[in-house]
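Colleague: please find the sequence and the predicted model below.
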Amino acid sequence: MPIIEIVGGQGEAAPQSLSRRLGWFVLIWIASTAAIFLAAGAIRLLVPH
């Protein structure tokens, strides 16, 4: 998986700096968490109470 190579620092385009790799990891984590909350909110609005 390309994302694992980038976060692990093994890919060609992967940043060599540990802080930059950690930043990418945190950014991906925040984005995925936000996507889950948005999907849950959309489902909550669509399902009648």
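Modeller: Sure, I can see it.

Colleague: measure residue 36 to residue 29 for me?
Modeller: 11 Å (CB to CB, to the nearest Å). For glycine as for every other residue, the C-beta is placed from the backbone atoms N, C-alpha and C.

Colleague: contact partners of stretch 38-49?
Modeller: The contact list for stretch 38-49 (CB atoms under 8 Å, 6 or more residues apart in numbering) is empty.

Colleague: now tell me which helix or strand of the chain has the poorest mean pLDDT.
Modeller: In the chain, no helix or strand scores lower on mean pLDDT, DSSP states H and E than helix 2-8, which sits at a mean of 63.

Colleague: after it, which helix or strand is next? Please name it.
Modeller: Sequence-wise, the next helix or strand downstream of helix 2-8 (DSSP states H and E) is helix 18-46.

Colleague: in that following helix, what's buried?
Modeller: For helix 18-46, burial by neighbour count (16 or more other CB atoms under 10 Å) applies to residue 21.

Colleague: I'd like the average pLDDT over it.
Modeller: Here helix 18-46 scores 92 as its mean pLDDT.

Colleague: can you offset everything so residue one is 186?
Modeller: With the count now opening at 186, the last piece we talked about shows up as helix 203-231.

Colleague: wait, what's in contact with residue 212?
Modeller: Taking CB under 8 Å, 6+ apart as the test, residue 212 contacts no residue whatsoever.

Colleague: look up how far residue 221 lies from it.
Modeller: Counting by CB to CB, the gap from residue 212 to residue 221 is 15 Å.

Colleague: and if you look at residue 202?
Modeller: Counting by CB to CB, the gap from residue 202 to residue 221 is 28 Å.

Colleague: ok, now residue 227?
Modeller: According to CB to CB, residue 227 and residue 221 sit 11 Å apart.

Colleague: do residue 201 as well
Modeller: 31 Å.

Colleague: before we move on, what about residue 210?
Modeller: Separation of residue 210 from residue 221 (CB to CB): 17 Å.
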